[in-house]
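Chemist: predicted structure and sequence below. I'll ask about it afterward.
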Amino acid sequence: MAEHTISFDKTLSKLLEEKKYQTLKDVMVTMNGADIAAVFEDLDQDRTPLLFRLLPKELAAETFTELSPELQEHLIRGFSDRELREVVSELYVDDAADLVEEMPASVVKRILAQADPEMRKEINEILRYPENSAGSIMTTEYVSLRPQMSVAEAIQRIRRTGVDKETIYTCYVTKDRRLLGTVSVKDLLLAADDNTPVSEIMDENVISVTTLTDQEEVAQMLSKYNFLALPVVDTDQRMVGIVTFDDAMDVLVEETTEDIQKMAGMLPSEKTYLRSNAWDLFKHRIPWLMLLMVSATFTGMIISNFENALAAQVALTAFIPMLMDTGGNSGSQASVTVIRALSLGELELNDLPAVVWKEIKTAVLCGVALASLCFLKIMLFDRMLLGNSGISIMTAFVVCATMAVTVLIAKMVGCTLPMLAKSLGFDPAVMASPFITTIVDALSLLVYFGIASALLFG
């Protein structure tokens with residue numbers, strides 16, 4: 001796909017240099033809006049307005065919604081009022097609302113000035129809903145049918161109003177705006193009699209969400225039920241809009257990216273990597289780095305308290321990094337697995353006992369395997385091949401016992417902290433690798449020196 005985009009990039013640049021505008025237009029009308037947007041992102045920004053003006057209105061609007069906010073702003077500032085009006089009029093309401101949210105105040109003022117009164121009203125309604133809610137990502141453009149309509153009347157209404165709707169395959173049967181059921185175009189086309197009332201063929205078991213439902217939950221429901229769209233109702237069960245699958249996919253990408261950033265110990269950023277400068281990356285990374293650096297003080301304190309033990313058994317020092325790394329890795333495995341299950345809705349707080357028991361069994365198996373391998377490694381490699389005579393069988397036993405206990409503790413910490421965070425209303429992704437690794441590092445040292453003190457210095 002990248003090579004495909006680069007090829008088009010070179011082709012369009014060449015045609016633009018030669019001022020073959022008609023050929024440029026002929027090439028671009030054969031492309032998908034997302035592909036054109038990808039090419040525009042790689043071009044010099046000063047070239048994009050000319051290329052954009054060559055696109056037909058519908059394709060221009062489709063391409064515009066796929067562009068980055070920075071390039072959208074650049075184009076808007078170069079648009080005349082007429083050009084901006086044409087683009088805005090072709091946008092779906094949810095895309096227009098997203099655009100208004102992303103742009104600075106001066107640009108928003110121009111956008112709203114060129115939108116028709118009905119669109120301005122609908123945009124303002126969407127923007128009133130809380131961020132990350134179903135209401136904030138829905139569109140108000142859907143096909144509404146009345147229950148007493150005949151099949152023929154319903155199809156005629158779809159033909160008359162469907163051109164401006166984001167999707168027409170699923171239609172919503174309402175009375176006084178109250179959602180009664182759904183009917184698909186397939187059901188209408190295959191109805192035995194054109195005079196059959198819509199109420200007789202509609203599905204009354206409607207799955208819907210409220211305007212305040214979390215957007216991630218909405219996306220998961222669309223994925224679970226394989227819907228093309230999900231109806232959104234208010235507190236009085238009146239239908240106010242729909243969330244389409246393409247918006248749900250954007251939500252999943254956004255939420256997954258945010259979780260990955262948190263799990264890596266960074267503050268979430270809305271900018272792509274290439275559009276983030278060094279200062280942006282610094283601001284999002286330094287808070288967690290500072291916190292983790294300070295928290296590592298506890299590890300240093302533990303080592304300082306056992307300086308005498310380490311001086312007596314210098315060989316113990318060599319195994320500290322291995323034990324800490326193994327503990328951190330074990331905790332990360334458990335936490336990432338649990339966090340992913342939580343994000344997919346597979347786990348709830350009442351599943352904690354089952355999760356803990358499963359991780360205990362897993363930890364025993366992993367601990368025994370790692371301890372066995374560790375014992376062989378110490379005796380064959382460290383003692384025999386490297387000739388480290390300071391390593392005794394009892395020292396190896398201390399290291400291996402610590403390894404097994406550390407894995408058990410790490411798995412327990414890794415599976416419980418994300419679930420507890422979720423129950424307290426925090427994002428479980430915060431309890432991922434860096435945070436858990438720091439905790440496990442301290443605990444593994446306490447276990448290590450505790451066992452060593454009991455068996456070697458007792």
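Modeler: Okay, I see it. Residues are numbered from 1 along each chain as shown.
Chemist: name the element G181 belongs to?
Modeler: If you go by DSSP states H and E, G181 is part of strand 178-184.
Chemist: got the domain boundaries for the chain?
Modeler: Domains of the chain are assigned by automatic domain parsing as 2-129, 144-246, 296-455.
Chemist: longest helix anywhere in this structure?
Modeler: helix 393-423 (DSSP state H).
Chemist: any buried residues in that one, and which?
Modeler: Neighbour-count burial for helix 393-423 flags 395-419, 421-422 (criterion: 16 or more other Cβ atoms under 10 Å). In short, each C-beta sits where N, CA and C put it, glycine included.
Chemist: now stretch 76-83
Modeler: With the criterion 16+ other Cβ under 10 Å, stretch 76-83 contains buried residues I76, G78, F79, E83.
Chemist: element containing the first one, please.
Modeler: With elements taken from DSSP H and E, the one containing I76 is helix 69-78.
Chemist: contacts for that helix?
Modeler: The contact list for helix 69-78, computed with Cβ atoms under 8 Å, 6 or more residues apart in numbering, reads 40-41, 45, 48-49, 52, 64, 67, 84, 99, 102-104, 107, 110-111, 275.
Chemist: neighbours of the residue nearest to S208 when sequence neighbours are not counted, how many?
Modeler: Closest residue in space to S208, ignoring its immediate chain neighbours: P231 at 4.4 Å, by Cβ to Cβ, 6 or more residues apart in numbering. Residues lying near P231 (other Cβ atoms under 10 Å) number 22.
Chemist: next, P231: secondary structure please.
Modeler: strand (DSSP: H, G, I helix; E, B strand; the rest coil).
Chemist: next, the contact list for it, please.
Modeler: P231 sits next to Y142, Y172, L179, T182, V206, S208, V209, M239, G241, I242 when contact means Cβ under 8 Å, 6+ apart.
Chemist: now pLDDT too, for those residues, in JSON lines please.
Modeler: Listed next are the contacts of P231 as JSON lines, based on pLDDT from 0 to 100:
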{"residue": "Y142", "pLDDT": "93"}
{"residue": "Y172", "pLDDT": "95"}
{"residue": "L179", "pLDDT": "93"}
{"residue": "T182", "pLDDT": "94"}
{"residue": "V206", "pLDDT": "91"}
{"residue": "S208", "pLDDT": "93"}
{"residue": "V209", "pLDDT": "94"}
{"residue": "M239", "pLDDT": "93"}
{"residue": "G241", "pLDDT": "93"}
{"residue": "I242", "pLDDT": "94"}
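Chemist: and these, which is closest to M301?
Modeler: Set against M301, the nearest of the contacts of P231 by Cβ to Cβ is V209 (49.6 Å).
Chemist: hey, what's that closest one bridged with?
Modeler: Per DSSP bridges, the residues bridged to V209 are V232.
Chemist: which residues touch it?
Modeler: Taking Cβ under 8 Å, 6+ apart, we find V209 in contact with A134, E217, V218, M221, L230, P231, V232, V233, V243.
Chemist: and the angle from the host helix or strand of V243 to strand 229-233?
Modeler: Using DSSP H and E, V243 sits within strand 239-244. If you take axes from the mean of the first three to the mean of the last three Cα atoms, to 10 degrees, strand 239-244 sits at 150 degrees to strand 229-233.
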